[in-house]
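> Dropping the sequence and predicted coords here.
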Amino acid sequence: MKHIGLNPSKRNCGRTGLATSPSRSRRSRVGTRIGAAAASLTLLVGVSACGFDVQTLQHYQPSDGVDVNVGLGAGGQPVASTAKVRGLMILARTPTSGFLSATLNSTAGDELTDVTGNLLKADLSTGAPLTIKMPGPITVAPGEPTVLVNRAPIEVSGSGLPTGQTARLTLTFEKAGSRQVEVPIIDGNNRTYKNVTPSPAPSNGTV
């Protein structure tokens, strides 16, 4: 293409020895617009995340359960005595009964001594009470994960366990103390969880 009357510096557009053709210029403008749109979308997602619950930001949860730390130290940070509960959920096997699923861990070691709870209504107010039966205190060995479904179950029952809804549980540990947590009620008969069955023999490990 012949450039008539154009200053070489304009013709090169800052690229030594390269002239900018109209088609290349159009491609450049399109690429710039796409890049700007992608940057705007990234910024929008980042700003939206600011509205999420802090716990969600701190712990990515690939499972359907929730994560909670019981007995935090100064500044709200976990310490050796903190009981870490991961993937906590209620797996409902019938419309009125199910069991707890979670993995417990504690650097210093601890013991889960009690679990109580209620269903939550649509407005998050307290609903019907749940009957939660533990086989006994559950020992969490120092630094060893304790998987609840690898032992006798913590049974949960009530007038109804509607899957897709939420329960508010209070977990009590001997050393770490107590904490309330909102827990999802999951269909324990779906393809993901239908083979999850608590074992009567206690053992430690990971799922």
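That came through, no problem. These numbers come from a predicted model, not from an experiment.
> mind giving me the domain ranges of the protein?
8-49, 54-187 (automatic domain parsing).
> how about low-confidence regions in the chain?
Scanning the chain for pLDDT under 70 picks out 1-62, 201-207.
> Spell out, range by range, the helices that occur in it.
If you assign secondary structure with DSSP state H, the helices in the chain sit at 8-12, 22-49, 54-58.
> follow-up on the earlier one: mind putting the domains of the chain into CSV with mean neighbour count and distance to S199?
Glycine gets a C-beta too; all of them are placed from N, C-alpha and C. Compiled in CSV, the domains of the chain are given as follows (neighbours: other C-beta atoms under 10 Å; distance: least, C-beta to C-beta, whole Å):
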stretch, mean neighbour count, distance to S199
domain 8-49, 10, 39
domain 54-187, 17, 6
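> Turn those into JSON lines, columns for distance to Y193.
As requested, the domains of the chain are arranged in JSON lines below (distance: least, C-beta to C-beta, whole Å):
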{"stretch": "domain 8-49", "distance to Y193": "29"}
{"stretch": "domain 54-187", "distance to Y193": "6"}
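> Figure out which of the ones you listed is closest to K194.
Proximity of the domains of the chain to K194 was assessed by C-beta to C-beta; the nearest stretch is domain 54-187, lying at 9.0 Å.
> and S178, what does it touch?
When the contact criterion is C-beta atoms under 8 Å, 6 or more residues apart in numbering, the partners of S178 are V70, T170, L171, T172.
> do I186 as well
Residues touching I186, when contacts are defined by C-beta under 8 Å, 6+ apart, comprise D64, G65, M89, I90, L91, A92, T163, Y193.
> unless I'm mixing things up, the last one is touching R93, no?
It stands for Y193. No: distance between Y193 and R93: 9.2 Å, which falls outside the contact criterion (C-beta atoms under 8 Å).
> With distance to L100 added, can I get the contacts of I186 in a markdown table?
Listed next are the contacts of I186 as a markdown table, based on distance: C-beta to C-beta, whole Å:
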| residue | distance to L100 |
| --- | --- |
| D64 | 13 |
| G65 | 10 |
| M89 | 8 |
| I90 | 6 |
| L91 | 8 |
| A92 | 11 |
| T163 | 15 |
| Y193 | 13 |
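> from these, which is closest to F99?
L91 (5.8 Å).
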